[in-house]
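*Asks:* Return a 3D structure for these sequence lines:
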Amino acid sequence: MKIRQGFVSNSSSSSFVVMYENGEFQTWSDIKNAIKREYSEYHDGTIDHYGREVNINEVAKFLMRELVMNIESLDSIDGDEHDNLVQAVTEKLTDEKDYNDIIGPEGNWDKWDDFCNSCRDKAIKEVRDLSESHPGKTLMSFEFGDDTGIGSFLEHSSVISDIFDLVSKRSNH
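*Replies:* Residues are numbered from 1 along each chain as shown. Now for the predicted structure:
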């Protein structure tokens, strides 16, 4: 039997890659209205999330800050502005294989490095192709964890896929 000592975390997070229609949300109120359209159980400014009331105004403000930070980071980075997206797609591709199958019984980690580099090359192409094939939209990523009420709500609800064009979701449990 294994016994864990010290800090043990049971938290999770999820990464979302989305297409954002440029200019779709100008204010947090625009996001709030999009959420309200999707949730019939919206009452008095809150949504019940596993027995916990989540304030939609706070969710909309939080998402607006995330959206603005995403857009500002895309505008301020020189070179590969989609590096965080490339990383997310690369991780998704590498997660599809068991590293033991790649390194083999001899434990050849060079094979794993080659595999990861190949996945990164595929991810770069995938991100570039997605960006170029959707004029007027911006490809971006979000990551939310269940360490806060809002983060948990965004990670485990369908809000992100309801108000953005969801490209992929990766859960880290």
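
*Asks:* list the contacts for the closest residue to F25 other than its chain neighbours?
*Replies:* Among residues not flanking F25 along the chain, I31 sits closest, at 5.1 Å (Cβ to Cβ, 6 or more residues apart in numbering). Yep, even glycine has a C-beta here, placed from its N, CA and C like the rest. Contacts for I31 were tallied using Cβ atoms under 8 Å, 6 or more residues apart in numbering; they are 25, 59-60, 63-64, 67, 163.

*Asks:* any idea how far I31 lies from V17?
*Replies:* Distance, I31 to V17, by Cβ to Cβ, to the nearest Å: 18 Å.

*Asks:* okay but N57 is in contact with T46, surely?
*Replies:* No: using Cβ atoms under 8 Å, N57 is not in contact with T46, being 9.2 Å away.

*Asks:* residues in contact with stretch 105-118?
*Replies:* By Cβ under 8 Å, 6+ apart, stretch 105-118 touches 90, 94, 97, 99, 102-104.

*Asks:* how about 6 Å then?
*Replies:* 94, 99, 102-103 (Cβ atoms under 6 Å, 6 or more residues apart in numbering).

*Asks:* tell me the average confidence for stretch 162-169?
*Replies:* Averaged over stretch 162-169, pLDDT sits at 85.
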